[in-house]
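Visitor: Quick one: sequence plus predicted model below, questions after.
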Amino acid sequence: MFTRLKTVRARGRSYQYLQLVENHRDNGQVRQRLIASLGRLDQLLEKGDLEQVVKGLVRYLPQLRLIEAQRQQSLVAESDRIWGPVLVFERLWQELGLHSLFQKLGAPRRLGFDLDRCAFAIVLQRLLAPGSDLRGSKWIKTVEAEGFEQIQLSHFYKTLGVLWREKETIEQHLYKRGLDLFNQEVELVFFDTTSTYFEGRRWEGWAKRGMSRDHRPDHLQLILGVVMRRDGIPISCEIWPGNTADVTTLVPILEALKKRFRIRRVVLVCDRGMVSAANLKAIAKAGYDYIVGMRMRRNLEVREEVLRRAGRYREVKRNLHVKEVWVDERRYIVCFNPERAEKDRQDRQAILEKLGKKLGRGSVKGLIGNVGYRRFLKAAKGAVEIDPKRVKDDERYDGKYVLRTSTELPAPEVAEAYRQLTWIERLWRELKDVVQLRPIYHHHKKDNVKGHIFAAFLALYLSAMLRRQLDELWQREHPDQPSAEPTRPQPAKTRWPWDDLIRDLSQMRGLRVRLDGELYLLRTELKGTADRAFRAVGLRPPPLAQKL
């Protein structure tokens, strides 16, 4: 709400009227609505009424009253808390139906606290201030959100257990809600795994030591698997002991997809770690098609049959050329990136030059033990030298990767689908960096540990939703820019860096002040990209001041 001067021409003269107006949205456009006309400015000044008008506005409008009180230093501040991201993510939380779902889940349990508020607080912490649950129970006191002040650490622990025990119900709810919101049939599903580790040894016997993606094999590990839609929206997550091989995780995921989500047609896209004869047989038995990456150097058929086949590549885009190769009834797609091929050639040349210098100086020690060097060397008559045949053979792999598929999709679509697997790799980075899955400390129950991980999954879901809506906002604001076809959804490409977005949102603070015995809530101005986040979720920022 603010004042403006309205100029009106009458009988050849111009008059200025002082008006009280406010902004509102009409069909997506910001327009001004007249609240009151305060009179002609010249008459107000002449009669001395303007001062009385201003005093009246200060008396009845909280914003002006508080500004005046601030000048007189009569305000009493009670709190200064983060507010911006709470409003945005709570809007998404409600839009996804999670508010009503957790109210329903909490009602029969008689927990003695608000399950919905606590679940939202845990997920919000994973997005804004990742850390232990003890830290989270203290951090929420710095957040301007209804009901957060009543949450205690014991409530955190109880909520984590509920999160895991109701995991399938929550995933099923989000899956159906996603179909309603996006009006799209799920066609492609991405699956990948990573590992995380524990601080301490409390869960030895349940968590296991195994290969660590975080280079911490000295810690107990868990394997995490996530299924993700083609457009970057997660579907489900699973957890296994740290010594579980990737290839053994696929069958239960397939069963979950088939029984729980009743997806009619799925093309499972997996990386090279998932490939085995047993896995491909399990995919076919479950009634799914697949697109899988192949190990070019280790797989005999790929190395000797597929890569040696002659044939012309079809250019899909500048950095992607494809060709189709059949070996009996098995269909392969060879993908070639000219830019990557040039880089591979330069890297190999640099290695060969370094090898030549070392061999010229007789510095043979350590060369055989180096995998990067060894693949170009051979031992002859007690000496070590560069093998031209191995160098020539290595050139066959420059800029290439090979896919195997059971689908009838055109080769370019197969290649593009596999390239999108990089988005699930980004998902892992977000779990560990953006929502920061660790640290996982000593919870009292295993369900709490799993609930801690599932809370990170829910945080990831909210971040994916916000990215999607930001992308849709960008498309609305740039209609001349090409967008993905509705039938072929793409992962959202946020035009505004995530860290900047969260930082700008967090700068919108909620200040509680007391004036003349009455409590008011003030908000700071929006900065940077914060306004875009509010517009993306269809939410108007709260007024600068409101009485509580």
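Guide: Right, received. Where do you want to start?

Visitor: Now do stretch 359-369, average pLDDT.
Guide: Averaged over stretch 359-369, pLDDT sits at 64.

Visitor: again, but for stretch 30-38
Guide: Stretch 30-38 comes out at a mean pLDDT of 71.

Visitor: before we move on, what about stretch 272-281?
Guide: On average, stretch 272-281 scores 77.

Visitor: Tell me the gap between it and the middle of its chain.
Guide: In terms of C-alpha atoms, centre = their mean, to the nearest Å, the centre of stretch 272-281 is set 28 Å apart from its chain centre.

Visitor: Let's see the strand ranked longest in the chain as PDB, backbone CA atoms only.
Guide: Counting residues, the longest strand found in the chain (DSSP state E) is strand 13-26. In PDB, the C-alpha atoms belonging to strand 13-26 read as follows (Å, rounded to 0.1, in the frame of the first residue of the first chain):
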ATOM      1  CA  ARG A  13      -6.100  23.500 -15.800                       C
ATOM      2  CA  SER A  14      -4.200  20.600 -14.200                       C
ATOM      3  CA  TYR A  15      -4.900  19.400 -10.600                       C
ATOM      4  CA  GLN A  16      -3.000  16.900  -8.500                       C
ATOM      5  CA  TYR A  17      -5.000  14.500  -6.300                       C
ATOM      6  CA  LEU A  18      -3.400  12.500  -3.400                       C
ATOM      7  CA  GLN A  19      -4.500   8.900  -3.500                       C
ATOM      8  CA  LEU A  20      -4.000   5.800  -1.400                       C
ATOM      9  CA  VAL A  21      -3.400   2.700  -3.700                       C
ATOM     10  CA  GLU A  22      -2.200  -0.800  -3.500                       C
ATOM     11  CA  ASN A  23      -0.700  -3.300  -6.100                       C
ATOM     12  CA  HIS A  24      -2.600  -6.400  -7.100                       C
ATOM     13  CA  ARG A  25      -2.300  -9.000  -9.900                       C
ATOM     14  CA  ASP A  26      -4.900  -9.200 -12.600                       C
END
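
Visitor: tell me the contacts of residue 311?
Guide: Shown in contact with residue 311 (C-beta atoms under 8 Å, 6 or more residues apart in numbering): 323, 324, 325. No exception for glycine: its C-beta is placed from N, CA and C like everyone else's.

Visitor: TSV please, covering those and showing distance to residue 377 and secondary structure.
Guide: Below are those laid out as TSV (distance: C-beta to C-beta, whole Å; DSSP: H, G, I helix; E, B strand; the rest coil):
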residue	distance to residue 377	secondary structure
323	32	strand
324	35	strand
325	31	strand
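
Visitor: Can you select the buried ones from these in PyMOL?
Guide: Only the buried entries of the contacts of residue 311 go into this PyMOL selection, using 16 or more other C-beta atoms under 10 Å:
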select buried, resi 323+325
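
Visitor: Could I get the contacts of residue 311 in TSV, plus columns for distance to residue 537 and pLDDT?
Guide: Below are the contacts of residue 311 laid out as TSV (distance: C-beta to C-beta, whole Å; pLDDT from 0 to 100):
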residue	distance to residue 537	pLDDT
323	44	94
324	44	94
325	47	94
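
Visitor: From the contacts of residue 311, pick the one nearest residue 455.
Guide: When the contacts of residue 311 are compared for distance to residue 455 (C-beta to C-beta), residue 324 wins out at 44.0 Å.

Visitor: Who are the contact partners of the closest one?
Guide: If you count contacts by C-beta under 8 Å, 6+ apart, residue 324 has them with 311, 331, 332, 333, 334, 411.

Visitor: rerun that using 6 Å as the cut-off
Guide: Neighbouring residues of residue 324 by C-beta atoms under 6 Å, 6 or more residues apart in numbering: 333, 411.

Visitor: Can you give me the distance of it to residue 240?
Guide: To residue 240, residue 324 is 35 Å away according to C-beta to C-beta, to the nearest Å.

Visitor: Also residue 225?
Guide: 7 Å.

Visitor: shared neighbours of these two, anything?
Guide: residue 249.

Visitor: Could you find the closest non-adjacent residue to residue 170?
Guide: residue 101 (6.9 Å; C-beta to C-beta, 6 or more residues apart in numbering).

Visitor: Quick check: which element contains the one you found?
Guide: helix 98-106 (DSSP states H and E).

Visitor: Over to residue 263?
Guide: Secondary structure assignment for residue 263, by DSSP H and E: no helix or strand.

Visitor: Just give the number of residues close to it.
Guide: 15 (other C-beta atoms under 10 Å).

Visitor: where's it relative to residue 404, distance?
Guide: For residue 263, the distance to residue 404 equals 22 Å [C-beta to C-beta].

Visitor: How about residue 340?
Guide: In this view, residue 340 and residue 404 are 20 Å apart by C-beta to C-beta.

Visitor: what's the answer for residue 308, then?
Guide: According to C-beta to C-beta, residue 308 stands 16 Å off from residue 404.

Visitor: higher neighbour count, those two?
Guide: Set side by side, residue 308 and residue 404 show more neighbours around residue 404, with 22 against 10, by other C-beta under 10 Å.

Visitor: Which residue ranges of the stretch 51-200 of the chain form strands?
Guide: With DSSP state E, counting those that start in this stretch as the definition, the stretch 51-200 of the chain shows strands at residue ranges 76-82, 188-197.

Visitor: can you list the residues that contact the shortest one?
Guide: When contacts are defined by C-beta under 6 Å, 6+ apart, strand 76-82 is touched by residues 142, 143, 144, 506, 509, 510, 511, 512, 513, 514.

Visitor: Please identify the buried residues of it?
Guide: By neighbour count on 16+ other C-beta under 10 Å, the buried set for strand 76-82 is 81, 82.

Visitor: Off-centre distance for it?
Guide: In terms of C-alpha atoms, centre = their mean, the centre of strand 76-82 is found 31 Å from the chain centre.

Visitor: ok, of the contacts of residue 311, which one's closest to residue 383?
Guide: Nearest to residue 383 among the contacts of residue 311: residue 325, at 39.3 Å, using C-beta to C-beta.
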